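Undergrad: Have a look at this fold, sequence not included:
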């Protein structure tokens, strides 16, 4: 194994949008591959055609692209081990199912759905659970209980069948997991899983093992929910004569819900108001729209940085990592065994950190898109100035607009609480005098304006708090915002005078 090139794969099923847990699996595979100079493959596992959802395959690829996870081999990229869509590999699998039958490691089963239901019901009546295994297979309708002639006759007659793996009796399957250490399973606790169906389609288990072998996969890094499948996969490798080249396994910890116990689900996101998908998704059947991190205003780098820390830690105090830094620092021995709680507030914190590092001009492009949607005209230069003034106060670019709309449009209304508190008796008269004073000011830059304004207020004997709060309310429509003189400089003399006049005429206590 030591000389084998590192080759990993992310193998999702196109059954709907890609959950953030799936993105994390892809990310950890990608980081491991790049850290070790290896290849990252994307394989679409669409053997279960009944669960196929139109658009899901494209969604998976767009999600990885947005995150900056670069695929080396896949449907779009091509490669020497294609096709990379399992349904296009259909012809491959029968050969291996036949090999397993010939070696006595698998058998034909002709049980109908009704027969299986009846068997389950009989066991339930005895308060037992039916398992198709070494204890029960002899009583079932299969090539173990039937003669060779009966089996041939059934197949020749076109009867539906499945191929089941024949679990060995009372056998300990031991395998080292790169995250959990040595794990052991007794085959008496496992069932004879279906590997292949008479329609020519393999199940996940057979297709997965065959494809990983043929694609030269060196490490299988996947979610904890696949740990119970590990003994079957190990036995399949051994039964097919591939034990020596079997990949190493690593099962990632679950992503847990922020509150309470259990795995993070879409329901948790809906309830608590955060996305669980990287991109927005519209269900093709119901038309239901699910939010995505991208559309909610998260930067891809922040999303990836947050995901990396769900289950992994660098062993240092550093929390902000670029993709290159993650690749440099990543190792599976720093991935924990226990589940990792998702924290929506920490995710916003990450976005804030990345937003603050962005160039004002870069943020301005995003702000201009929002302004355009609102029907507001502005320039890249002006938008950049506003981003520079507000970015430390917000987590998202959309909040720059929410908190700074007054930069682009005069207030049409005034915050009632602020009016009650700030627009006291005598204030309109004070603002009228300020209006007259400002008409005579020529240098309208922030610092010189402040320089002449402060002595004027002092000379008049007005309280600075009273004046500045009323002034801000006139320009902003609320009691918040950045430095007042920066606002004045941005708006320009004419607009400031107009807004003060409007406030004097329109604010009613």
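TA: Cool, got the structure. Owing to the predicted nature of the structure, the values given are computational and were not obtained by experimental measurement.
Undergrad: Give me the domain ranges for the chain.
TA: Following automatic domain parsing, one finds the domains of the chain at 91-197, 358-407, 416-506.
Undergrad: Now do the longest one: distance from first to last residue.
TA: The first and final residues of domain 91-197 sit 13 Å from each other (C-alpha to C-alpha, to the nearest Å).
Undergrad: Format the domains of the chain as CSV; extra columns: mean neighbour count and mean pLDDT.
TA: Using the backbone N, CA and C atoms, a C-beta is placed for each residue, glycine as well. Formatted as CSV, these follow (neighbours: other C-beta atoms under 10 Å; pLDDT from 0 to 100):
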stretch, mean neighbour count, mean pLDDT
domain 91-197, 15, 97
domain 358-407, 17, 97
domain 416-506, 16, 96
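Undergrad: wait, which of those domains is closest to residue 258?
TA: Across the domains of the chain, the minimum distance to residue 258, taken as C-beta to C-beta, is reached by domain 358-407, at 16.9 Å.
Undergrad: Minimum distance to residue 283: which of the domains of the chain has it?
TA: Across the domains of the chain, closest to residue 283 is domain 358-407 (C-beta to C-beta), at 24.5 Å.
Undergrad: thinking again about what came up before, pipe the domains of the chain into CSV and attach distance to residue 349 per row.
TA: Converted to CSV, the domains of the chain look like this (distance: least, C-beta to C-beta, whole Å):
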stretch, distance to residue 349
domain 91-197, 27
domain 358-407, 8
domain 416-506, 21
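Undergrad: Quick check: which of those domains is nearest to residue 350?
TA: When the domains of the chain are compared by C-beta to C-beta, domain 358-407 sits nearest residue 350, at 9.2 Å.
Undergrad: How far away from the center of its chain is the closest one?
TA: 26 Å (C-alpha atoms, centre = their mean, to the nearest Å).
Undergrad: ditto for stretch 155-172
TA: With C-alpha atoms, centre = their mean, you get 38 Å for stretch 155-172.
Undergrad: can you check stretch 436-454 too?
TA: Centre to centre, stretch against its chain (C-alpha atoms, centre = their mean), the figure for stretch 436-454 is 51 Å.
Undergrad: got the end-to-end distance for that stretch?
TA: 15 Å.
Undergrad: ok, residues contacting it?
TA: Residues outside stretch 436-454 that contact it (C-beta atoms under 8 Å, 6 or more residues apart in numbering): 456, 483, 485, 486, 488, 489, 492, 493, 496, 497, 500.
Undergrad: The second one and residue 22: what is the separation?
TA: Taken as C-beta to C-beta, to the nearest Å, the spacing of residue 483 relative to residue 22 amounts to 45 Å.
Undergrad: if we can go back for a sec, wait, which of the domains of the chain is closest to residue 316?
TA: Residue 316 sits nearest to domain 91-197 of all those, at 20.0 Å, using C-beta to C-beta.
Undergrad: What is the distance between the closest one and the centre of its chain?
TA: For domain 91-197, the distance to the chain centre is 36 Å (C-alpha atoms, centre = their mean).
Undergrad: for stretch 419-439, same thing?
TA: 51 Å.
Undergrad: Over to stretch 217-226?
TA: 18 Å.
Undergrad: Now that stretch: buried residues?
TA: Residues of stretch 217-226 classed as buried: 217, 218, 219, 220, 221, 222, 223, 224, 226 (neighbour count, 16 or more other C-beta atoms under 10 Å).
Undergrad: one step back: as CSV, the contacts of stretch 436-454 with distance to residue 45 would be great.
TA: Converted to CSV, these look like this (distance: C-beta to C-beta, whole Å):
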residue, distance to residue 45
456, 74
483, 56
485, 61
486, 55
488, 61
489, 59
492, 60
493, 65
496, 62
497, 67
500, 66
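Undergrad: now, which of those lie within strands?
TA: Counting by DSSP state E, the contacts of stretch 436-454 place none of their members in strands.
Undergrad: Show me the residues you listed that map onto helices.
TA: Among the contacts of stretch 436-454, the members falling in helices (DSSP state H) are 456, 485, 486, 488, 489, 493, 496, 497, 500.
Undergrad: Please identify which pair of these lies farthest apart.
TA: 456 and 486, at 18.7 Å, using C-beta to C-beta across those.
Undergrad: Now stretch 217-237: average pLDDT?
TA: In this model, stretch 217-237 has an average pLDDT of 97.
Undergrad: Would you mind measuring the gap between the ends of it?
TA: Here the two ends of stretch 217-237 are set 12 Å apart, with distance taken as C-alpha to C-alpha.
Undergrad: helix/strand/coil for the residue of the chain positioned farthest from its centre?
TA: When distances to the mean C-alpha position of the chain are computed (C-alpha atoms, centre = their mean), the maximum falls on residue 459, with 59.3 Å. Here residue 459 is recorded as helix under DSSP: H, G, I helix; E, B strand; the rest coil.
Undergrad: what ranges do the helices span in the stretch 1-150 of the chain?
TA: For the stretch 1-150 of the chain, applying DSSP state H, counting those that start in this stretch gives helices covering 20-35, 56-67, 90-102, 113-125, 148-156.
Undergrad: now the ones you listed in a markdown table, with distance to residue 211?
TA: Formatted as a markdown table, the helices of the stretch 1-150 of the chain follow (distance: least, C-beta to C-beta, whole Å):
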| stretch | distance to residue 211 |
| --- | --- |
| helix 20-35 | 15 |
| helix 56-67 | 16 |
| helix 90-102 | 8 |
| helix 113-125 | 28 |
| helix 148-156 | 26 |
